[in-house]
Every structure is written in structure tokens, then in C-alpha cells.
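>>> coords please:
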Amino acid sequence: LVIFLGACGEENSDRPSEGEAFEEGFDMVEKGMYENAILYFQNLYQTNPTDDALKAWASVYVSRSGLTVATLYNAYAGLPQQETVTRDNLIPMIKAYQQGLEKIPYAQAQDRVDLQTAYDILQTRDAPSVRLFRSMVGLVLLRSHFSDGSDRLLDANFSVGFDKNLRLVCKIDWRRFRNWLQIWTAYGTELTQDLKLAFPKQVESLNESGKFFTQARELSTTVSTACNP
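Next up, the predicted model:
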């Protein structure tokens with residue numbers, strides 16, 4: 001974990017004092033002393049607000065959720081590709097996206113709360129390494145919220161209603177569909193923003209892939225209009 005943080009940081013993390021401080025904090029993590037480690041790294045960051053200190057603080061929450069930076073990186077490496085979504089191909093495209101997300105860890109209950117806390121902490125700095133780390137955490141949150149509703153809302157009855165007669169969707173549970181769509185696409189939009197900060201030279205291609213989330217989210221308005229005019 002220390003190696004990952006040092007490799008991603010843009011500041012010079014070779015300072016012995018900071019390295020020793022990290023070792024002490026991560027020793028608490030190894031012993032399962034998460035609350036102590038959280039307070040330790042929070043104080044460390046407030047005393048010396050570097051990118052690496054912030055990532056170390058957030059990483060304690062990631063560790064407590066049962067995940068590791070290596071796991072997050074492997075999940076990130078398998079990030080599914082997004083394609084253009086329209087009313088006609090929404091269900092097939094979301095189902096295809098669902099298959100891509102299956103390789104990414106699912107977090108529930110308190111584990112998800114910890115990941116959300118790490119996600120929020122990492123939002124406070126725009127450095128590429130910080131936003132790369134945040135995008136990895138955000139991908140797990142996106143997958144988790146996506147999976148909360150995908151099985152129920154992408155069943156055969158719903159798919160037929162959406163493809164043939166949107167009014168049929170209104171009789172099933174359109175509010176749940178709308179809310180589910182809004183939550184995971186919001187994470188997707190932030191994921192795109194984080195990746196643009198992490199990889200500024202790839203902004204154009206990321207803008208293009210980010211349209212998947214924008215267009216999918218806009219369909220929540222289509223459903224609301226049809227079901228609650």
C-alpha cells in the first residue's frame with residue numbers, strides 16, 4: 001500500500017520523516033486498529049496536507065471495507081467500455097455494461113459506508129494521483145449501486161415495457177427505476193471527471209465515453225415525463 005501511494009504521488013515522498021510516519025500508521029492498519037489509524041492519518045494530513053497523506057488517510061477506510069489497493073487497481077483495469085445510449089438500445093447497452101461490472105467488487109452495508117467516506121475525502125484534492133485513486137473507489141460504488149437495482153429492473157417484463165410501450169413501465173415501478181438510474185449514472189459522471197483530472201491528455205476521449213452516463217441519466221427524465229406528466 002505504501003508503495004502504491006508513493007508511486008502515484010507527485011510530491012517527493014522520499015522524505016524519511018513522512019515515510020516513517022506512514023509506516024507507523026499502516027502498522028496500526030495491519031493490527032486491525034482502524035479507528036486509531038484513521039485518527040492518526042487525519043492528524044497527519046492536517047499537519048502536513050500532502051497528496052500522499054490524504055491517500056493514506058482514505059486508504060484506511062478502503063482497508064476496513066475489506067478491499068486492498070491492488071484489488072481496486074485490478075477492478076479499474078477491467079473498467080467496461082461505454083457506448084452511446086439511445087431509447088432504442090438502452091436495455092441492451094445497460095445489460096452489456098452489467099456484464100462488464102461483474103468483475104468489480106460489490107460492497108454492502110458498512111463496507112460501502114467506508115468506501116463512500118474514502119471517496120468523499122479524496123474529492124478534496126485535484127492532483128492526478130488522488131483522482132486516480134478516487135476513480136478506483138468510485139467504480140466499486142458505481143458497481144454496488146448498479147447491482148442493487150439491475151436484477152429487478154432489467155427483468156423481461158420491464159424490458160418489454162420499455163421497448164414497446166413506455167406506459168407499461170409506469171405500472172411496474174418507474175420511480176425505483178428513475179432513482180436507480182440517477183444514482184449510478186451520477187457515480188459514472190464523477191468517474192469521468194476524476195479520470196479527466198488523472199489523465200488530462202485524454203480529456204477528449206473521456207468526454208466521448210462519458211456520454212454513456214449522460215445519455216443514460218437523461219432517460220430518467222423521459223420516464224418521469226411519461227409516468228408523471
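
>>> let me know the secondary structure of Phe106.
To be clear, residue 106 is Tyr; Phe isn't right here. When classified by DSSP: H, G, I helix; E, B strand; the rest coil, Tyr106 comes out as coil.

>>> swap that for Leu67, sorry
coil.

>>> what is the neighbour count of it?
22 (other C-beta atoms under 10 Å). To be clear about C-beta, it is placed using only N, CA and C from the backbone, and glycine gets the same treatment.

>>> Tyr76 now?
Tyr76 is flanked by 19 other residues according to other C-beta under 10 Å.

>>> which non-adjacent residue is nearest it?
Met136 (4.7 Å; C-beta to C-beta, 6 or more residues apart in numbering).

>>> tell me if I'm right that the one you found and Ala77 touch.
No: in this structure Met136 lies outside contact range of Ala77 using C-beta atoms under 8 Å: 9.7 Å.

>>> compare the two (neighbour count), which wins?
Met136 (27 against 9).

>>> any idea which helix or strand carries the more buried one?
helix 128-153 (DSSP states H and E).

>>> can you get me a residue count around the closest residue to Asp126 other than its chain neighbours?
Excluding the flanking residues, the one nearest Asp126 by C-beta to C-beta, 6+ apart is Leu197, at 5.4 Å. For Leu197, the neighbour count with other C-beta under 10 Å is 19.

>>> quick one, what contacts Leu197?
126-128, 131 (C-beta atoms under 8 Å, 6 or more residues apart in numbering).

>>> so for stretch 190-208, mean pLDDT?
Here stretch 190-208 scores 91 as its mean pLDDT.

>>> can you get me the start-to-end distance on that stretch?
From its first residue to its last, stretch 190-208 covers 14 Å (C-alpha to C-alpha, to the nearest Å).

>>> can you give me how far that stretch is from the chain middle?
Using C-alpha atoms, centre = their mean, to the nearest Å, the mean C-alpha position of stretch 190-208 is found 14 Å from that of the whole chain.

>>> which positions in that stretch come out as buried?
By neighbour count with 16 or more other C-beta atoms under 10 Å, stretch 190-208 contains the buried residues 190-198, 206.

>>> touching, Gln123 and Arg134? I think so.
Yes: Gln123 is within contact range of Arg134, at 6.6 Å (criterion: C-beta under 8 Å).
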